[in-house]
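Asks: Structural data only, the sequence is not supplied:
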Ligand SMILES: NC(=O)CC[C@H](N)C(=O)O
């Protein structure tokens with residue numbers, strides 16, 4: 001049984017829970033989704049999802065609840081994380097905003113809301129490394145990734161700007177794969193990895 005933790009202090013938690021459930025179902029993988037609002041649950045999780053929402057609120061609450069350290073330990077143990085939009089901001093090295101205390105899971109810097117305000121949200125077909133067909137990427141007040149460290153792979157770009165990155169077990173996207181019923185980003189972040197490990 002795969003135990004998937006959805007960080008649930010703020011943001012689009014139910015969409016993430018539904019997306020990981022349907023991705024797991026597609027792989028015939030029984031899944032238990034754990035909504036994480038307090039410390040003590042992350043250590044039991046195999047994979048973690050950090051949702052979109054408001055990065056200032058998410059980072060403040062993670063720290064207040066002591067979940068921030070647990071997420072760092074999860075990654076240090078090599079366990080996968082998918083961080084989307086505000087989650088990517090929280091996972092970055094630096095969001096250039098004192099209100100966001102980042103977790104430094106991905107060696108990238110981000111510019112919050114760089115793709116515009118809520119009204120500027122858009123959907124775009126995105127070429128993602130390893131996918132045969134474009135992924136329907138939904139951008140909502142999306143962060144721009146402006147600096148990418150050496151250990152980071154860029155998985156997708158939009159108009160010359162990285163919008164999906166991977167470093168070790170952590171995948172971060174500027175867009176919201178949880179809002180479409182396309183589970184290929186979950187495959188890339190979790191199931192391809194889990195299946196490759198199982199085949200070893
Ligand atoms: N849709 C989103 O997650 C937007 C993120 C928002 N720009 C932030 O700074 O938190």
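Replies: Yes, it's here. Small disclaimer: the values here were computed from a predicted structure and weren't measured.
Asks: Now do the buried residues in the helix or strand where residue 192 lies.
Replies: Using DSSP states H and E, residue 192 sits within helix 192-199. Of all the residues in helix 192-199, those buried under the rule 16 or more other Cβ atoms under 10 Å are 193, 194. To be clear about C-beta, it is placed using only N, CA and C from the backbone, and glycine gets the same treatment.
Asks: From the centre of the protein outward, give me the first residue you hit.
Replies: With distances taken as Cα atoms, centre = their mean, residue 83 lies nearest the centre of the chain, 1.3 Å away.
Asks: and that one, that's in a strand?
Replies: Yes: using DSSP: H, G, I helix; E, B strand; the rest coil, the secondary structure at residue 83 is a strand.
Asks: one step back: give me the distance between the helix holding residue 192 and the centre of its chain.
Replies: In terms of Cα atoms, centre = their mean, to the nearest Å, the centre of helix 192-199 is set 19 Å apart from its chain centre.
Asks: who touches stretch 46-53?
Replies: Outside stretch 46-53, the residues that touch it by Cβ atoms under 8 Å, 6 or more residues apart in numbering are 2-8, 10-13, 15-16, 20, 36, 42, 58, 71, 74, 79-88, 90-91, 140, 176, 178, 189-190, 194.
Asks: Now, of the residues you listed, which are buried?
Replies: Neighbour-count burial (16+ other Cβ under 10 Å) is assigned, among the contacts of stretch 46-53, to 2, 4-8, 10-13, 15-16, 20, 36, 42, 58, 71, 74, 79-88, 90-91, 140, 176, 178, 189-190, 194.
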